[in-house]
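A.B. asks: what would the 3D arrangement of this be:
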Amino acid sequence: MAIPSKGPQYDPQLLLNSQPVIITVIDPSTHKVVFQNQTSHNKFGDISNLTCHEKIANCATPCAFCKMPEAVDSGKPTASEVPLPNDEYLLVQWAKVETSNGQTHVVETITDITATKRQQFEAEGLVKKLSNTNRDLMQANQLLRDQSIRDSLTGLFNHSHFQETLVQLCALALRAMRPLSLLFIDLDNFKQINDVYGHTMGDQVLRELGWLLDSQQAPGRGLARASDFSARYGGEEFALILPDTSMDGALSAAERLRQRVMTLTMLPELTALNTHPFPLTCSIGVATFPIHASIPSDLIVAADTALYVAKTAGKNCVRMATPANPSSPLAAPLVGS
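C.D. replies: Residues are numbered from 1 along each chain as shown. Next comes the predicted model:
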């Protein structure tokens, strides 16, 4: 016994004809249109019994984007977004249906989604723009950070960042029970270079020494290791932190640096200094943590005092600080330092 239907009764064709989207019913075996709603008729004219791909997409064969076979095989609705040459977009959907006499048909709907896609592209463009802006801000912040911790003339780290880094590296050395050495380097007779050749030449001398102390800035020219930390301490005075380096290792490094400074006048930029009555030389003071000092501030004093001794000893030499903690187990030379 049939159960009477409750509610109003509608004509399916009237319902389909009332829809603003293009709706066609297609025989998947022949790709021929067996029904089209009024919107489809208004768009394409009467295409009944004609193939969908020929009359709707102007294709001689089934469209590349067609997922009708997939809808038939799976029994599940399928869809494709189809870009048109005029920057418009269609959403084509397929759904398998069974007729009352057991035939398989596919309902195809075509919706114009151009406005939606344009909004999507605008949103994606905005996201990309915001992403690029964020990247630019991060790069600008990093640049400002670099500028705040570096010396503008030499590119080395500046005095304040040197102080912060020395505290950190001394703490690491103490935990690892490894030595750390500090070199203070001062160019001899630098005032005379400025007076005789001008500040432009003086600045070039400072840059060349900076490159000598920082192998990362001038690959192949620097003496420092990748683990070393170099800074312009002030004026013509520079600092070089040598992690994991004993007194003997620091003295050897300082002597190599002193000798290398004397060869800077061989560079094309500094050949004019060969006529200078005072040769281009430097004095270096060396102190090792924790032998010469147990805290970073005292290590600076020890290295600076050793530099003063080198200056008063006639310049162009290296002097080691006086041990403040000679009983330290790190006072003995370490192999490989």
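A.B. asks: pull out the buried residues from the helix or strand containing Gln119.
C.D. replies: Gln119 belongs to helix 114-149 when assigned by DSSP states H and E. For helix 114-149, the neighbour count (16 or more other CB atoms under 10 Å) marks 114, 117 as buried. All C-beta atoms are positioned from the backbone trio N, CA, C, and that covers glycine.
A.B. asks: and stretch 206-216, by the same measure?
C.D. replies: Result for stretch 206-216 [16+ other CB under 10 Å]: buried residues 206-215.
A.B. asks: can you tell me the number of residues neighbouring the residue nearest to Ile149 when sequence neighbours are not counted?
C.D. replies: In this structure, Ile149 finds its nearest non-sequential neighbour in His161, 3.9 Å apart by CB to CB, 6 or more residues apart in numbering. His161 is flanked by 16 other residues according to other CB atoms under 10 Å.
A.B. asks: now Ala95
C.D. replies: Ala95 has 17 nearby residues by other CB under 10 Å.
A.B. asks: bridging residues for Val92?
C.D. replies: Beta-bridge pairing for Val92 (DSSP bridges): Ser80, Ile110.
A.B. asks: my guess is it contacts Thr78. True?
C.D. replies: No. The pair Val92 / Thr78 is not scored as a contact, 9.1 Å apart, by CB atoms under 8 Å.
A.B. asks: which of those two has more residues huddled nearby?
C.D. replies: Neighbour tally, Val92 and Thr78, criterion other CB under 10 Å: the higher count belongs to Val92, 22 against 19.
A.B. asks: look at Ala231 and give its secondary structure.
C.D. replies: Following DSSP: H, G, I helix; E, B strand; the rest coil, we place Ala231 in the strand state.
A.B. asks: would you mind measuring from it to Arg150?
C.D. replies: 9 Å (CB to CB, to the nearest Å).
A.B. asks: of these two, which one has the most company?
C.D. replies: Legend: neighbour count by other CB under 10 Å for Ala231 and Arg150, higher for Ala231 (27 against 16).
A.B. asks: contacts only, for the residue nearest to the more buried one when sequence neighbours are not counted.
C.D. replies: Among residues not flanking Ala231 along the chain, Phe162 sits closest, at 3.7 Å (CB to CB, 6+ apart). Counting by CB atoms under 8 Å, 6 or more residues apart in numbering, Phe162 makes contact with 229, 231, 233, 239, 241.
A.B. asks: surely the last one and Asp228 touch.
C.D. replies: Yes. The pair Ile241 / Asp228 is scored as a contact, 6.4 Å apart, by CB under 8 Å.
A.B. asks: neighbour count for those two, which is higher?
C.D. replies: More neighbours surround Ile241 than the other of Ile241 and Asp228, with 25 against 21 (other CB under 10 Å).
A.B. asks: which residues touch the more buried one?
C.D. replies: Ile241 neighbours (CB under 8 Å, 6+ apart): 162, 165-166, 169, 180-183, 228-231.
A.B. asks: which of those sits closest to Asn141?
C.D. replies: For these, the closest approach to Asn141 (CB to CB) belongs to Thr165, at 20.0 Å.
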